[in-house]
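In: Starting from these lines, generate the structure:
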Amino acid sequence: MTAYTDAIQAITALKEQNGSAWDAVNPEYVARMRLQNRFQTGLEIAQYTADIMRRDMAEYDADSSVYTQSLGVWHGFIGQQKLISIKKHLKSTNKRYLYLSGWMVAALRSEFGPLPDQSMHEKTAVPALIAELYTFLRQADTRELDLLFSKLDDARAAGDETAVEFIQSQIDNHETHVVPIIADIDAGFGNPEATYLLAKKMIEAGACAIQIENQVSDEKQCGHQDGKVTVPHEDFLAKINAVRYAFLELGIDNGVIVARTDSLGAGLTQKIAVSQTPGDLGDQYNAFLDVEEIDAADLSDGDVVIRREGKLLRPKRLASNLYQFRSGTGEARCVLDCITSLQNGADLLWIETEKPHVAQIAGMVDEIRKVIPNAKLVYNNSPSFNWTLNFRQQAYDALVEQGADVSSYERSELMNVSYDDTELARIADEMIRSFQKDGSARAGIFHHLITLPTYHTAALSTDDLAKGYFGDEGMLAYVKGVQRREIREGIATVKHQNMAGSDIGDNHKEYFAGDAALKAGGAHNTMNQF
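Out: All right, here's what the predicted structure looks like:
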């Protein structure tokens, strides 16, 4: 017995109970529709994918070579095609997720048009995109199973029992396109209550993992821009707790919280933390402030001072009414942020760095793991990094350290195309190729993601087509650069009517109306050319 045959038998029994009124119902068709609609709600998806992430986290703890990956996507169709490609080329979606980037929501999904990554977009756009992504992933399941059901019917009609058995096995062992989404809630879009309410909507849409950062909500900046302002630990922990309450209220008890610290590049704070006793979290946060010691007699009206160890310290306050941290404290603040977050409900960490450097990341993780031995990172393999220049410079520095002759290279010019065929470039490219493996082995990176790759690939492919189509190549630019490749490389979208659900609709018409169904996929359908 299989899930498919079990479903057929269950519907057959139900049909018999309802008598002749259900004569038009075909139990096998109902079984097919049920298999094609495996997930009924977003909460079912959130629970299913949370279980996947927790399993993957445990497997990574046992073996750091089994890290996970994702690409950021900004539309359901892009996410769907990514998963279809993964299944086509790699045969399994295991350890492969989706990432939902707040940057791309702001840039591509706001009714205001393109916006900077400063939490200016409608917060409802985030759960709406999660729901859209899972709608497209579920449709990918429906389409793939529909093709298998059609093959099963053809094999039965041909009397090919071997093919019937093989196709039935594919149906019974079908792997869903539904995978975990790590979803960016930015800095929480307001106070902890606002964070809780938005987190609920995201979870109800299917999110099993929510990433939240320790910036000030109303001063939020992209992680790779200047002017970032952090909040005291207690403020951030309240929002982590708000997300946990949202998961628990909705019954996703093992939901995943990713705590992101921007402290490495954030030199400012909006608040001086409240401190009750020496050495508490507020005191530790304030200890990083850039201060000057003063006498009581030197105080001016409006001055803000901190008393520590019998001394009066005046934090340096900017014209913006923000306070600055001492230079060079970023890594120490990151480590404290991470330890505190994991001790207070977070499951994974995200350290936003200014460059992709395994040793730098590992140095901070080593300090964190002195307190939290199984601390794990989600790491942004960011398009904001110049990967070529960064790694060529790292390769250059390594060669210098080894005593190699680097006189033929100019370190500040290593991006130049003239270096592309050099030994240094080959060393750098190998470092880039192995960055994820090396980072997971040495720096505790459980999940590697690229935040906005499909933003760049959409622009690049559109540029290629526009350049040729509106230039001398004309239609050949599309045929040679797109359609011919789709046909020869087995890209599903070449049959775009099928991809959009035309064949699924035809089959449903036959289910509902039998021989009277007016179907689109007949002999005159031009899709038959493919």
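
In: So which residues of the stretch 1-150 of the chain form strands?
Out: 68-72, 96-100 (DSSP state E, counting those that start in this stretch).

In: Listing partners with orientation, what would you give for the first one?
Out: Each strand pairing with strand 68-72, determined using DSSP bridges, is listed with its direction: strand 96-100 (parallel), strand 445-450 (parallel).

In: if we can go back for a sec, how about the strands of the stretch 1-150 of the chain in a markdown table, adding mean neighbour count, distance to K228 and mean pLDDT?
Out: Heads up, the C-betas are built off the backbone N, CA and C, glycines and all. Listed next are the strands of the stretch 1-150 of the chain as a markdown table, based on neighbours: other C-beta atoms under 10 Å; distance: least, C-beta to C-beta, whole Å; pLDDT from 0 to 100:
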| stretch | mean neighbour count | distance to K228 | mean pLDDT |
| --- | --- | --- | --- |
| strand 68-72 | 22 | 20 | 97 |
| strand 96-100 | 24 | 21 | 98 |
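
In: would you turn the ones you listed into JSON lines with distance to L83?
Out: Listed next are the strands of the stretch 1-150 of the chain as JSON lines, based on distance: least, C-beta to C-beta, whole Å:
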{"stretch": "strand 68-72", "distance to L83": "10"}
{"stretch": "strand 96-100", "distance to L83": "8"}
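
In: State the distance from D253 to R244.
Out: 10 Å (C-beta to C-beta, to the nearest Å).

In: coming back round to it: of all the strands of the stretch 1-150 of the chain, which one is nearest L133?
Out: strand 96-100 (6.3 Å; C-beta to C-beta).

In: rewinding a little: nearest to K123, out of the strands of the stretch 1-150 of the chain?
Out: Of all these, strand 96-100 comes closest under C-beta to C-beta, at 12.9 Å.

In: how far out from the middle of the chain is that closest one?
Out: Once both centres are worked out by C-alpha atoms, centre = their mean, to the nearest Å, strand 96-100 turns out to sit 4 Å from its chain's centre.

In: what's the neighbour count on D421?
Out: 8 (other C-beta atoms under 10 Å).

In: would you turn the strands paired with strand 68-72 into a markdown table with distance to A187?
Out: Shown next, in a markdown table, are these (distance: least, C-beta to C-beta, whole Å):
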| stretch | distance to A187 |
| --- | --- |
| strand 96-100 | 15 |
| strand 445-450 | 19 |
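
In: of the ones you listed, which approaches T135 most closely?
Out: strand 96-100 (13.0 Å).

In: For the nearest residue to E132 once chain neighbours are set aside, give me its contacts.
Out: Distances taken as C-beta to C-beta, 6 or more residues apart in numbering place G76 nearest to E132, at 4.1 Å, with adjacent residues excluded. Residues counted as contacts of G76 (C-beta atoms under 8 Å, 6 or more residues apart in numbering) are L129, E132, L133, Y134, T135, F136, L137.

In: thinking the first one is in contact with I78, fair?
Out: No: L129 lies out of contact with I78 (C-beta atoms under 8 Å); the separation is 10.7 Å.

In: From the neighbour counts alone, determine which of the two ranks first.
Out: Neighbour count, other C-beta under 10 Å: between L129 and I78, L129 has more, with 25 against 20.

In: Based on its surroundings, how many neighbours for G19?
Out: Neighbours around G19, by other C-beta under 10 Å: 8.

In: For it, list the residues it contacts.
Out: Contacts of G19 by C-beta under 8 Å, 6+ apart: none found.

In: all strands of the stretch 151-300 of the chain, in order?
Out: For the stretch 151-300 of the chain, the strands defined by DSSP E, counting those that start in this stretch occupy 181-184, 209-213, 229-230, 256-261, 268-269, 291-294.

In: Those strands: which one's closest to A194?
Out: strand 209-213 (11.9 Å).

In: Give the bridge partners for the spatially most central residue of the chain, please.
Out: In the chain, the C-alpha nearest the mean C-alpha coordinate belongs to Y99, at 1.3 Å (C-alpha atoms, centre = their mean). Bridge pairing for Y99 (DSSP bridges) gives the partners G72, I182.

In: what do you get for Q211?
Out: Here Q211, judged by DSSP bridges, has bridge partners D184, V258.

In: how deep is it tucked in, by neighbour count?
Out: Q211: 26 neighbours (other C-beta under 10 Å).

In: Check V371 too.
Out: Neighbour tally, V371, other C-beta under 10 Å: 14.

In: any chance you could read off phi and psi for it?
Out: Main-chain torsions, V371, degrees, to the nearest 10: phi -110, psi -40.

In: quick one: low-confidence parts of the stretch 301-450 of the chain?
Out: Within the stretch 301-450 of the chain, no stretch falls below the threshold (pLDDT under 70).

In: Could you pull out the strands in it for me?
Out: 306-308, 311-315, 323-324, 348-351, 377-380, 445-450.

In: about what we covered before: out of the strands of the stretch 1-150 of the chain, the one nearest T451 is which?
Out: strand 68-72 (4.6 Å).

In: For stretch 356-367, C-alpha coordinates in CSV please.
Out: In CSV, the C-alpha atoms belonging to stretch 356-367 read as follows (Å, rounded to 0.1, in the frame of the first residue of the first chain):
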residue,chain,number,x,y,z
PRO,A,356,34.2,38.1,3.7
HIS,A,357,37.2,37.0,5.8
VAL,A,358,37.1,33.6,7.4
ALA,A,359,39.7,34.4,10.0
GLN,A,360,37.9,37.6,11.1
ILE,A,361,34.6,35.8,11.5
ALA,A,362,36.3,32.8,13.3
GLY,A,363,38.0,35.1,15.8
MET,A,364,34.6,36.4,17.0
VAL,A,365,33.0,33.0,16.9
ASP,A,366,35.9,31.5,19.0
GLU,A,367,35.1,34.1,21.7
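
In: Can you mark which positions in it are buried?
Out: P356, H357, V358, Q360, I361, A362, M364, V365, E367 (16 or more other C-beta atoms under 10 Å).

In: In this structure the second one contacts Q394, no?
Out: This points to H357. Yes: between H357 and Q394 there is a contact under C-beta under 8 Å: 6.9 Å.

In: and the residue nearest to H121 when sequence neighbours are not counted, what does it touch?
Out: Spatially, and ignoring its direct neighbours in sequence, H121 is nearest to S110 (3.9 Å; C-beta to C-beta, 6+ apart). By C-beta under 8 Å, 6+ apart, the contact set of S110 is M120, H121, E122, A125.

In: Cross-check the contact I'm expecting between V179 and A140.
Out: No: taking C-beta under 8 Å as the definition, V179 is not a contact partner of A140, at 10.9 Å.

In: Need the residues touching each of these two.
Out: Shared contacts of V179 and A140 (C-beta under 8 Å, 6+ apart): L83.

In: mind listing what V243 touches?
Out: I185, T195, Y196, A199, I210, I212, G255, I257.

In: Also E413?
Out: With C-beta under 8 Å, 6+ apart, E413 has these contacts: Y419.

In: Begin at 28, not 1, for the rest of this chat.
Out: Sure, I'll start numbering at 28, so the last one becomes E440.

In: still on that earlier bit, per-residue pLDDT, the residue nearest to H148?
Out: With respect to pLDDT, S137 has a value of 92.

In: Likewise for the one 3 residues further on?
Out: Here the pLDDT value assigned to G140 is 92.

In: okay, now it: neighbour count?
Out: Neighbour number of G140 under other C-beta under 10 Å is 7.

In: And A210, by the same measure?
Out: Neighbour number of A210 under other C-beta under 10 Å is 28.

In: again with Y436
Out: Neighbour tally, Y436, other C-beta under 10 Å: 21.

In: Ok, T76 next?
Out: 26.

In: how near is it to G69?
Out: 10 Å.

In: Please identify every residue contacting each of these two.
Out: G233.

In: just to revisit the earlier point, could the buried residues of stretch 383-394 go into CSV alongside distance to K109?
Out: Formatted as CSV, the buried residues of stretch 383-394 follow (distance: C-beta to C-beta, whole Å):
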residue, distance to K109
P383, 22
H384, 28
V385, 26
Q387, 30
I388, 26
A389, 29
M391, 31
V392, 29
E394, 35
